[in-house]
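> Build the 3D model from these lines:
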Amino acid sequence: MKPLACLTLKTLPLLLAALPMTAAAQANRPAQVLVTAPKPSVPLNAHSVDVTGAQAPRTASGDTATLLRSTPGVSLYGAGGASSLPAIHGLADDRLRIKVDGMDLIAACPNHMNPPLSYLDPAMVDTIKVYAGIAPVSVGGDSIGGSIVVETPAPEFALPGGPALLKGRLGAYARSNNQALGASLATTYATETFNLSYSGALSQADNYRAGGDFKATNATGRAGHVLALNEVGSSAYKTQNHVLGIALRNANHLVEAKLGYQAVPFQLYPNQRMDMLDNTQQRLNLRYLGRFDGGTLEARVYHEEVAHLMDFGPDRRFWYGTASGGPGAANGSPCSPIGMPCAAGMPMNTDSRNDGATLKASLDVGEHDILRLGAEAQRYRLDDWWSPSGGGMWPGTFWNINGGQRDRTALFAEWEGREGREGREGRASARWSTLLGARYEQVRSNAGEVRGYSTATGASGSQVADAARFNALDRARRDHNWDLTALARYTADASLDLELGVARKVRSPNLYERYSWSTWTMAMVMNNVVGDGNGYVGNPDLRPETAHTLSATLDWHASDRHWWIKATPYLTRVSDYIDAVRCTAALIPGSACPVANNSTNQFVQLQYANQSARLYGVDLSGRVALATTAWGRWGLDGLVNYTDGENRSTGDALYNIMPLNARLTLTHQHGGWNNGLEWVLVRAKEQRSAVRNELPTPGHGLLNLRVGHTWKQLRVDAGIDNLLDRLYYPPLGGAYVGQGTTMSMNGTPWGTAVPGMGRSLHAGMSYTF
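Below you'll find the model as predicted:
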């Protein structure tokens, strides 16, 4: 993996030095992007995120998912400071298809600490498109909740006969609450046929502080190190991301290569038992795009490698074993030698290799119709092992997943049609438009034999029995999945559009859902992708989830869209929904699961299981121009989301469903000023997953203030989040296990949710040249 990293890092200074310092003379020269891929008709329930206008998150955070926080239907799971997980209509993580520059990236971690959006800084993003609920089959697949398509800037070229293009952007930000700092650089040099570009960003932050004391102890498990009662332990991070691009253009043909590199020295997680103490990703993305008479052809191949390390970060107990004071000690004392009486942390390594290829054709069929055909393939390999560190983690290596395989092949066909009619001026306009698609996927998965730290009879946590039971299984699985989508839009007049959609979507289980195997409590709590503090064991017999979704969208607007209102009600029923059941000795004979597992006030052991689920809700959004005065233009933006989720097999609530919430923003524009006062309202979370002992959260209201001014080449933004310094708990923030003896399932107190950030001032700037 190192050669690619060295190439990227060594080449960067040379590239920057080679760019002549004539930027000022070139800054205002027009550029053009040629040979762009045709996009499918965007459903009314899809949303293009205003990345350029969303300056508050772009200039105050290293978390790309925060760019989605004002998108209808989207909520964010709490995770690390740069790794929030988006959810669409209550479905998150692997239930969404998230594509980054056309690549299907996969979280390579038993806690999903490195999700796809974590590999881009907000400053590196050019466009984001969110398909909520019903997505065209050309952008869907292996998902049931929707799709998020993220793109970095497309290559630009100089005008024919014009001078070479040289342009760039510098950015920086700072935040007061957690002393966050960030900086970014993007630069491009291009001729008519050649493009060389670079973008990079650095981001770091300390632990943040809540709006008040939220816990009863300041102990961390490390002697001499305590945390204030309002300090959210294990919430610091430090990241760097780089993308180097090279492109060649010849008439209507484009060949492009992008090299990506990420290095994360640390990213700590307040709702997980472990912290990320290293994450290195390297990726190569090659694309061909050509436009021909009657259509376009796009081909892509990509390769990604990830090396991931977890262990106990600075806010958690590191030393374990009898020589360190035993499980009852408030602090673990350093000890030696490493062995059964003395354990130094618990290193957990994950390596993954991800190769993919896509081929897509878009064909013009007649005057109004388009036919899209495509084929995709992905080959994914994952190893997850825990090296011996002493105590119970001794004397050998624990293989959590050994030689995990997950391979996908897919074919799709999509037809888009428009029915023309003669308008008043004799021009054809579309009254009806339809989008029909079918997609077939084959997903094959497998994993090799495993072992625990110890193979001796009587090893703790039924390691020997669990491994033997798992190894005796035929672990190969093959799923045949069909997706179907139908959308019809009716344009009644210049101010009203109606759309109705129906879809069948299928997702196969991921490797951790199928192949994590140990029922040892300590191992189970390390396999948790949702941040609820519980422990999980996989289920090789899981079937793919199949979702049937019905949605409708009404878009009522002014002809110039100076005001608009959009409403999208939806209903989704999921068969074989992957939920969880309490793990007991009766459920898995010979396991370490307890005979009775009925607690309602502590963390528990769970196994993944297929059940039935139902989700419904509505997204409301709108904008209205209030007034135009000598002081500028005033407007109001509004967003209301409601989702209800139920496990139909048990009657229990689904986990991590965002309660009723609203976001109202008073906007103001005057000259170069662009300001806003935002009011965020969230109802109390009362419907909770009982099987998980999900924590309640009270309702809250927050005020956020932002101001910004743009000059010709400079933009400056500032703001205050949580203006009134409220103590609040995001409903999807998870359980707080960010400090103390986190290796033990109930060694940290149950019942505390992760709080949100207290009052925080932020300021940022962006300079283009």
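
> Tell me if Val464 really is in a helix.
Yes. Note on Val464: a helix contains this position according to DSSP: H, G, I helix; E, B strand; the rest coil.

> hang on, it packs against Phe470?
No. Using C-beta atoms under 8 Å, Val464 is not in contact with Phe470, being 11.1 Å away. Placement of C-beta: from N, CA and C, glycine included.

> who's in contact with the residue positioned nearest the centre of the chain?
The centroid of the chain falls nearest to Leu85 when counting by C-alpha atoms, centre = their mean (3.9 Å). Applying C-beta atoms under 8 Å, 6 or more residues apart in numbering, we find Leu85 in contact with Ala65, Leu76, Tyr77, Ala79, Ala92, Asp93, His112, Pro115.

> if we go to 6 Å?
Tyr77, Ala79, Ala92, Asp93, Pro115 (C-beta atoms under 6 Å, 6 or more residues apart in numbering).

> can you count the residues close to the last one?
Just to be clear, that refers to Pro115. 27 (other C-beta atoms under 10 Å).

> quick one: it from Gly672, how far?
36 Å (C-beta to C-beta, to the nearest Å).

> Also the fourth one?
For Asp93, the distance to Gly672 under the criterion C-beta to C-beta works out to 40 Å.

> ok, these two, which is more surrounded?
Remark: of Asp93 and Gly672, Asp93 carries more neighbours, 21 against 13, as counted by other C-beta under 10 Å.

> so which helix or strand takes in Tyr512?
helix 511-515 (DSSP states H and E).

> Against which helices or strands is the very next helix or strand once past that helix packed?
Downstream of helix 511-515, the next assigned helix or strand under DSSP H and E is helix 521-525. Using 3 or more C-beta pairs under 6 Å, 6 or more residues apart in numbering; DSSP states H and E, the elements in contact with helix 521-525 are strand 535-537.

> Go again with 8 Å.
strand 535-537, strand 605-629 (3 or more C-beta pairs under 8 Å, 6 or more residues apart in numbering; DSSP states H and E).

> In JSON lines, list these along with mean neighbour count, distance to Phe266 and mean pLDDT.
Formatted as JSON lines, these follow (neighbours: other C-beta atoms under 10 Å; distance: least, C-beta to C-beta, whole Å; pLDDT from 0 to 100):
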{"stretch": "strand 535-537", "mean neighbour count": "26", "distance to Phe266": "24", "mean pLDDT": "98"}
{"stretch": "strand 605-629", "mean neighbour count": "18", "distance to Phe266": "28", "mean pLDDT": "97"}
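
> Of all those, which one comes closest to Ala547?
Across the helices and strands packed on helix 521-525, Ala547 has its closest neighbour in strand 605-629 (8.6 Å, C-beta to C-beta).

> can I have the next helix or strand after the closest one written out in PDB, keeping just the CAs?
Using DSSP H and E, the helix or strand that follows strand 605-629 in sequence is strand 632-647. Listed next in PDB are the C-alpha coordinates belonging to strand 632-647 (Å, rounded to 0.1, in the frame of the first residue of the first chain):
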ATOM      1  CA  GLY A 632     -32.200  43.700   1.400                       C
ATOM      2  CA  ARG A 633     -34.300  40.600   0.500                       C
ATOM      3  CA  TRP A 634     -35.900  38.600   3.400                       C
ATOM      4  CA  GLY A 635     -37.100  35.000   3.100                       C
ATOM      5  CA  LEU A 636     -38.100  32.000   5.100                       C
ATOM      6  CA  ASP A 637     -37.000  28.400   4.400                       C
ATOM      7  CA  GLY A 638     -38.800  25.600   6.100                       C
ATOM      8  CA  LEU A 639     -38.300  21.800   6.600                       C
ATOM      9  CA  VAL A 640     -40.300  19.300   8.500                       C
ATOM     10  CA  ASN A 641     -39.600  15.600   8.600                       C
ATOM     11  CA  TYR A 642     -41.700  12.800  10.300                       C
ATOM     12  CA  THR A 643     -40.900   9.100  10.300                       C
ATOM     13  CA  ASP A 644     -42.500   6.200  12.100                       C
ATOM     14  CA  GLY A 645     -40.900   2.800  12.200                       C
ATOM     15  CA  GLU A 646     -42.200  -0.500  13.600                       C
ATOM     16  CA  ASN A 647     -41.000  -4.100  13.700                       C
END
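
> Many thanks, have a good one.
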